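> just a sequence and a predicted model for now, questions to come.
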Amino acid sequence: MIAICVMLTHKATSQEGLPIYTDYLTDNYYLIHPSMAGIANCSKVRLTSRQQWFGHEDAPRLTTLSLNGRIGDTPSAIGGVLFTDKNGYHSQSGAYATYAHHLLFSRSEVDLNMLSFGISAGFIQYKLDETTFLFDGPDPIIDGIVQNETNFNIDLGFSYHFLDYYAHATIKNVLKNAGVNNDVEITSNLRRYLFSVGGVFGKLGSEWSYEPSIMFQYKDGTKEASIDINGKVYKQMEFGKLWGGLSYRQSFDGAEYLINNNTVRSQKLQQFTPILGVDYKQFMFAYTYTYQNNSIVFTNGGFHQLTLGLNFACREKRFECKCPAVN
């Protein structure tokens, strides 16, 4: 079967703010949910680097750097995110600052019952390099220059933790921006809705624990939706913790394409992402590999991502729960 035309529903994205991959599963929920800033008993630094389609020129690359922690012994927290995302002729870089507040409902810090709110505000600079575009004669769509525009936007979210269970909801890119493309109807609405739920299970006193979770996301402008189904396993060690897992992403929207007999077919995004990580004292290292399981793809090569982390200014363990994101 020869594909004549294909448009995948979930392509490597640009011009939408920070892309949503599976990096949040590497102890990095703050990257997508501002309400998670400072929720842990340690301040955290996380550096991620993602490379797609090795061996292809101008393949998508994403780098993020995040920092978050509590303000002293108060229920308030602050954080910040820097990122740069390049995808062919498109690129974007951004910086966000976050304020979060955590309300503890339990009578003591033994039983976890906490509601958190967070808001992030920042700037994103979009670039579209048209200097190497090939065209014959003048074209009203192509200017032949490097177009750029800087926009301000905000993210809003909340989290609720009760014992070993959690839920998150976030609205990203609340404001409408024009973008740098001429199709304002698409680029002006970059709003995205994220919902996450999960829990951690394990026998009392056991070195093993298990965390199933799901995340649903919906893009308001393009009406695209997808779901992540995740499973992680933790093993407590003398030096820290070993953990791993698997994430499966399925889109709800099909992408149409033609085959050699002009038959129109459709396929939905399907991605599998194994995860492996280790916590060694105050350091964290994780590796993820994403494989796209579709018949029509740009390349069979996978997407590699490394995450490095540092925990500092740690307080004593506060809660008697299996809640790795908090304790």
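That came through, no problem.

> when you work out contacts or count neighbours from here on, use the C-alpha atoms and nothing else.
OK.

> any idea how far I124 is from the closest residue to Q267 other than its chain neighbours?
Spatial nearest neighbour of Q267, excluding adjacent residues (C-alpha to C-alpha, 6 or more residues apart in numbering): G254 at 4.9 Å. The spacing between G254 and I124, counted by C-alpha to C-alpha, to the nearest Å, is 30 Å.

> ok, the two, which is more surrounded?
I124 (23 against 16; other C-alpha atoms under 10 Å).

> for that one, which three-state class applies?
strand (DSSP: H, G, I helix; E, B strand; the rest coil).

> how close does it get to E149?
Using C-alpha to C-alpha, one gets 8 Å for the distance from I124 to E149.

> need the longest strand for the chain.
If you go by DSSP state E, the chain has its longest strand at strand 240-258.

> the next helix-or-strand element following that strand to strand 240-258, inter-axis angle?
Later in the chain than strand 240-258, the nearest helix or strand by DSSP states H and E is strand 264-280. Between strand 264-280 and strand 240-258, the angle comes out at 170 degrees (axes from the mean of the first three to the mean of the last three C-alpha atoms, to 10 degrees).

> counting contacts, what elements does strand 264-280 pack onto?
Secondary-structure packing of strand 264-280 (3 or more C-alpha pairs under 8 Å, 6 or more residues apart in numbering; DSSP states H and E): strand 240-258, strand 283-292.

> give me the sheet partners of that strand and which way each runs.
Sheet pairing of strand 264-280 (DSSP bridges) gives strand 240-258 (antiparallel), strand 283-292 (antiparallel).

> need the winner for burial among the helices and strands packed on strand 264-280.
Greatest average neighbour count among these goes to strand 283-292 (a mean of 20), per mean count of other C-alpha atoms under 10 Å.

> need the contact partners of that one.
26, 269-279, 300-311 (C-alpha atoms under 8 Å, 6 or more residues apart in numbering).

> quick revisit: so the residue nearest to Q267 makes contact with L269?
Yes. Between G254 and L269 there is a contact under C-alpha atoms under 8 Å: 7.4 Å.

> how about the helices in the stretch 101-250 of the chain?
For the stretch 101-250 of the chain, applying DSSP state H, counting those that start in this stretch gives helices covering 184-187.

> so where is it shaky, pLDDT-wise?
Within the stretch 101-250 of the chain, the stretches with pLDDT under 70 are 109, 134-141, 143-144, 178-187.

> would you state the strands of it in chain order?
113-129, 146-162, 165-172, 192-199, 208-219, 224-236, 240-258 (DSSP state E, counting those that start in this stretch).

> okay if I get the ones you listed as CSV plus distance to S93?
Formatted as CSV, the strands of the stretch 101-250 of the chain follow (distance: least, C-alpha to C-alpha, whole Å):
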stretch, distance to S93
strand 113-129, 5
strand 146-162, 9
strand 165-172, 16
strand 192-199, 18
strand 208-219, 20
strand 224-236, 23
strand 240-258, 25
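
> quick one, which of these is nearest to S106?
The minimum distance between S106 and those falls on strand 113-129, with 5.3 Å, by C-alpha to C-alpha.

> run the chain-centre distance for the closest one.
12 Å (C-alpha atoms, centre = their mean, to the nearest Å).

> got it, and stretch 320-327?
21 Å.

> end to end, how far does that stretch reach?
Start-to-end, stretch 320-327 (C-alpha to C-alpha) is 9 Å.

> average pLDDT for it, rounded please.
Stretch 320-327 shows a mean pLDDT of 81.

> identify all contacting residues around that stretch.
Contacts for stretch 320-327 (C-alpha under 8 Å, 6+ apart): 27, 39-41, 110-112, 163-165, 199-202, 209, 317-319.

> list the buried ones in it?
C321, K322, C323, V326, N327 (16 or more other C-alpha atoms under 10 Å).

> keep only those of those residues that are in helices.
Counting by DSSP state H, no part of those is found in helices.

> out of those, which one sits closest to K172?
Checking the buried residues of stretch 320-327 one by one against K172 (C-alpha to C-alpha), the nearest turns out to be V326, at 22.8 Å.

> surely A97 touches G80?
Yes. The pair formed by A97 and G80 meets the contact definition of C-alpha under 8 Å, at 4.4 Å.

> and the two? Which one has more around it.
G80 (22 against 19).

> for that one, list each beta-bridge partner.
With DSSP bridges as the rule, G80 is bridged to L67, A97.

> for P34, see how far away C42 is.
C42 is 16 Å from P34, by C-alpha to C-alpha.

> out of these two, which sits in the busier spot?
Remark: of C42 and P34, P34 carries more neighbours, 34 against 21, as counted by other C-alpha under 10 Å.

> so what's the residue nearest to the more buried one when sequence neighbours are not counted up against?
Distances taken as C-alpha to C-alpha, 6+ apart put G118 closest to P34, at 4.8 Å, once the chain neighbours are dropped. If a contact means C-alpha under 8 Å, 6+ apart, then G118 has H33, P34, S35, M36, A37, T98, Y99, A100, H101, L156, G157, F158 as its contacts.
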